[in-house]
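K.L.:
okay, predicted coordinates and the sequence, questions at the end:
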2 protein chains.
Amino acid sequence: MRTNPSLPKRESSLRRDPSSRRVKLDELADHLGLSKSTVSRALNGYSDISETTRKRVESTARKMGYRPLSHAQAIRTGKVRAIAMVINSGEPDRHNPFLQDFLAGACEGASAFDWTMTISTAKSEKDMLNVLGRLVEERKADGFILPRTEVDDARIKYLSALNVPFILYGRTGYGQADPYDDTSWFDISGETAIRSAVSRLSGFGHRRIGFVGSDPKFNYSHLRRDGYLEGLKASGLPIDPELIREGARTRDEGAVQARALLELENPPTGIVFATDLAALGSYTVCAEFGLQIGKDVSILGYDGIPESQYVSPGLTTFSVDSQRAGERLAEMLIRQTRGEAPESLRELGEAVLLERNSDGPPRLTPEELARKITQYTNGNRGGDRS
Amino acid sequence: MRTNPSLPKRESSLRRDPSSRRVKLDELADHLGLSKSTVSRALNGYSDISETTRKRVESTARKMGYRPLSHAQAIRTGKVRAIAMVINSGEPDRHNPFLQDFLAGACEGASAFDWTMTISTAKSEKDMLNVLGRLVEERKADGFILPRTEVDDARIKYLSALNVPFILYGRTGYGQADPYDDTSWFDISGETAIRSAVSRLSGFGHRRIGFVGSDPKFNYSHLRRDGYLEGLKASGLPIDPELIREGARTRDEGAVQARALLELENPPTGIVFATDLAALGSYTVCAEFGLQIGKDVSILGYDGIPESQYVSPGLTTFSVDSQRAGERLAEMLIRQTRGEAPESLRELGEAVLLERNSDGPPRLTPEELARKITQYTNGNRGGDRS
DNA sequence: TTGATTGCCGAAACCGGTTTCGGAGCGAAC
DNA sequence: GTTCGCTCCGAAACCGGTTTCGGCAATCAA
């Protein structure tokens, strides 16, 4: 006698009620008086099935509630009708309130094709490739969405080498000769948004405008900084390296960079942040310096996180439609796995400006601003500010 | 000639490099000089394989990088080694910053067993059952995690009827005779936390303590309200129905309920909220009434969302370890699909108090508080408060 | 010595679909 | 009247695993 190694003998209780058993292809074929191969080809739209039979098959299939087992088809077709995404759970700015919107979009995009979405998480960069590898090996998905693309992205190299389809949320290869040679991607043009942020401030009359970028390992950080530079150029403002800071991903890091900018001898009267989170960090610094945001200093963000509307004053920012992004990415990825050329699957969307109260005409010149800050901090040194 | 209905003829480019082809069971068997049935049974721990052979098979399997195709096994075993969760994307409070932690936990819990996690979203309550249905029909998962359980939960009925394994994040059937008869669940004891919140306020000297619950369709809302009542009882305080509000899921709804409580003739000097989001809504109301949070009125939340530490004053709240919750749920669900009895798979965790500055000894009596509010609002009527 | 167990493994069926291949039936062309 | 080609469908192989069943050799009991 052999023993099955599984646990207690409750397996039977897991079987579905026999009365509500699923209908399989053979039964459907019997019911139709056709062979199962004919039925299968009819359902899959083969051309050697007469139109009338196809219609008949489809209608009774629907009537009988027939649904092919996806893994049963996968064994022959090699496609599981699923896309995957692996999230890096070790990131400092991982508490992304938009994840749900993004996932909702991706799921809907997949559902529209009757595909599903599997996710996984990686604890580190190294773990990432292992996780991807497992998913590929076990063939849990036919393609991958790669969020937060980096300038030099290991995931891309890995999947390319394996010839596994993928699509980027973002672009990659900043600064390379042919940055996006044959990958497909969807992205929101952060550079356009940041450029117009600078123009907006310049239009308000700001002459010294600072920029706080994100981690330079991410491609978007470079693109947005370039948008800032373009914005300066378009407004005829000089580039001052002193006003360009990088590496702020979290609120705290945003605060550090905001402080550095405001403590300059000749501080900016307006600051554009690459992300809302970093921008929110500046709020505490401004409070600390006795600065009124929107008057003494103008702040602009990017992302459109919900919190940006609840701070006071409301943060002017550029809102990204994460749900749509997820949806587009899913659709484009599926089309790629179906044979469309990756190079033909690229799309660039735009963020939309949410005008709130964190920016406006400068009330002070940079000199006056500097004086106000030093006076305030001196006056408060050792004071009680609980 | 028959035509395959798929798109352009690039299929070939999708095939993996033939040199890096996956090794399949037959090849492994050939390499070992064994039959593939023996190898399969060895890998699956059957008892009729000698220990030495088993070891040999396992080691060379590892050496050759053999990995069974999960859908190929599924066709015979009926198990795809995946758990699923479907998120309701239509919820007003869907921007949950903890989703990522939760998913990370669930994914890790699944990975530990070499399972994966598939997700999907539903746009409404009705859509929910369709989405679940599709996943079940196509057998995309072996079991489901059901988050945010409701008092009368359609998902539970649906999956129970189909005899599909599932586990609740939360409990259900509040008020029924045998509320949790044979479902398995993991939950955090919100009632315990809220009870101690009341005790904490009472310990500070508060005598009138309000409660703002969440949507009563959710089970947790009732449990937390009960915790509030128990807390009052433990502190020897009377129950005043006037002080109990419900239905606040969003920040704005929290604001509405906070306003209602504070505008009472005999307002509470401390308010316990069922969720952080609702608690944050009270901040704007307090500002509007010229009330200093933590002094004039004490506020307590529950959830431990990141934002709670960035508001001023920091919100005292109870932090829930979402990642651990996800991990436990995944493990328990997998064990259930392997045959363990659902009734034996239940676990109750505790939230941990994060003491911050939104609560403390009452500076005013309820009467003084009421007077302060009316004075302030009258004084500011029509005034400029931009 | 013989018959019955036991330990270990191979052959073959099986899971539920997809795809290949061949052939019946029919109309048109020679 | 063949022959050809076209439309449409069925039989059977196939995908990559798992599970059943039976059999051989060695061991044990009688």
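P.N.:
That came in fine, so what should we check first? Numbering: from 1, shown residues only, chains lettered A, B, ... in the order given.
K.L.:
list the buried residues in the host helix or strand of residue A:55.
P.N.:
Assessed by DSSP states H and E, residue A:55 sits inside helix A:51-64. Neighbour-count burial for helix A:51-64, counted by 16 or more other CB atoms under 10 Å in any protein chain shown, picks out A:54, A:57, A:61. Just so you know, the C-beta spots here come from the backbone N, C-alpha and C atoms, and that holds for glycine as well.
K.L.:
take those residues and write them to a markdown table, including distance to residue A:202.
P.N.:
As requested, the buried residues of helix A:51-64 are exported to a markdown table (distance: CB to CB, whole Å):
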| residue | distance to residue A:202 |
| --- | --- |
| A:54 | 63 |
| A:57 | 65 |
| A:61 | 63 |
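K.L.:
does the helix holding residue A:55 reach DNA strand C?
P.N.:
No: between helix A:51-64 and DNA strand C, judged by CB under 7 Å from any atom of the strand, nothing touches; the nearest distance is 10.6 Å.
K.L.:
still on that earlier bit, which among the buried residues of helix A:51-64 gets closest to residue B:267?
P.N.:
residue A:61 (63.8 Å; CB to CB).
K.L.:
wait, the closest one touches residue A:40, no?
P.N.:
No: proximity of residue A:61 to residue A:40 does not meet the contact threshold set by CB atoms under 8 Å, at 10.7 Å.
K.L.:
right, and the helix or strand after the helix holding residue A:55?
P.N.:
Next element after helix A:51-64 (DSSP H and E): helix A:70-77.
K.L.:
list of residues touching that following helix?
P.N.:
For helix A:70-77, the external contacting residues (CB atoms under 8 Å, 6 or more residues apart in numbering or on different chains) are A:79-82, A:116, A:139, B:69-72, B:74-75, B:80, B:138-140.
K.L.:
just checking, what packs against whichever helix or strand comes after it?
P.N.:
Per DSSP H and E, the first helix or strand lying C-terminal to helix A:70-77 is strand A:82-88. Judged by 3 or more CB pairs under 8 Å, 6 or more residues apart in numbering or on different chains; DSSP states H and E, strand A:82-88 is in contact with helix A:99-111, strand A:116-122, helix A:125-137, strand A:143-147, helix A:322-337, helix B:99-111.
K.L.:
near DNA strand D, which residues of the stretch 1-150 of chain A? Just list them.
P.N.:
Checking the stretch 1-150 of chain A against DNA strand D by CB under 7 Å from any atom of the strand, the hits are A:2, A:4, A:33-38, A:48-53, A:75-76.
K.L.:
filter the residues you listed to the buried ones?
P.N.:
A:34, A:38, A:49.
K.L.:
closest to residue B:219 among these?
P.N.:
Checking those against residue B:219 with CB to CB, the nearest one is residue A:34 at 49.5 Å.
K.L.:
am I right that the closest one is in a helix?
P.N.:
No: looking at residue A:34 with DSSP: H, G, I helix; E, B strand; the rest coil, it is coil, so not inside a helix.
K.L.:
give me the distance between it and chain B.
P.N.:
Residue A:34 sits 17 Å away from chain B, going by CB to the nearest CB, to the nearest Å.
K.L.:
wait, that residue sits on residue A:53?
P.N.:
Yes: Residue A:34 is within contact range of residue A:53, at 7.3 Å (criterion: CB under 8 Å).
K.L.:
need the overlap of contacts for these two.
P.N.:
Common neighbours of residue A:34 and residue A:53 (CB under 8 Å, 6+ apart) are residue A:42.
K.L.:
sorry, back to before: of the buried residues of helix A:51-64, closest to DNA strand D?
P.N.:
Taking CB to the nearest atom of the strand as the measure, DNA strand D sits nearest to residue A:54 out of the buried residues of helix A:51-64, at 7.2 Å.
K.L.:
hang on, isn't that closest one packed against residue A:44?
P.N.:
No: using CB under 8 Å, residue A:54 is not in contact with residue A:44, being 10.0 Å away.
K.L.:
still on that earlier bit, in TSV, list the buried ones among the residues of the stretch 1-150 of chain A next to DNA strand D along with distance to residue B:319.
P.N.:
Output for these, formatted as TSV (distance: CB to CB, whole Å):
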residue	distance to residue B:319
A:34	61
A:38	60
A:49	60
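K.L.:
which residues of the stretch 201-350 of chain A fall in helices?
P.N.:
Applying DSSP state H, counting those that start in this stretch to the stretch 201-350 of chain A gives helices spanning A:219-234, A:251-262, A:276-288, A:322-337.
K.L.:
average pLDDT for the first one, rounded please.
P.N.:
By that I understand helix A:219-234. Mean per-residue pLDDT for helix A:219-234: 96.
K.L.:
which residue packs closest to residue A:88, ignoring adjacent ones?
P.N.:
Once flanking residues are discounted, residue A:88 sits nearest to residue A:122: 5.4 Å by CB to CB, 6 or more residues apart in numbering or on different chains.
K.L.:
and the pLDDT at residue A:274?
P.N.:
At residue A:274, pLDDT is 97.
K.L.:
so how far is stretch A:129-137 off the chain centroid?
P.N.:
Counting by CA atoms, centre = their mean, to the nearest Å, stretch A:129-137 is centred 21 Å from the centre of its parent chain.
K.L.:
residues contacting residue A:316?
P.N.:
A:299-301, A:353-359.
K.L.:
what's opposite it in the beta bridge?
P.N.:
residue A:300 (DSSP bridges).
K.L.:
pLDDT weak spots in chain A?
P.N.:
A:1-20, A:175-180, A:380-386 (pLDDT under 70).
K.L.:
please repeat the previous calculation with a cut-off of 50.
P.N.:
Under the criterion pLDDT under 50, the flagged ranges of chain A are A:1-2, A:4-20, A:382-386.
K.L.:
can you list the residues of chain A near DNA strand C?
P.N.:
Residues of chain A lying near DNA strand C (CB under 7 Å from any atom of the strand): A:2, A:22, A:24-26, A:36-37, A:40-41, A:43-44, A:48, A:68-69, A:72-73, A:75-77.
K.L.:
residue A:337 versus residue A:157, what's the distance?
P.N.:
Distance, residue A:157 to residue A:337, by CB to CB, to the nearest Å: 20 Å.
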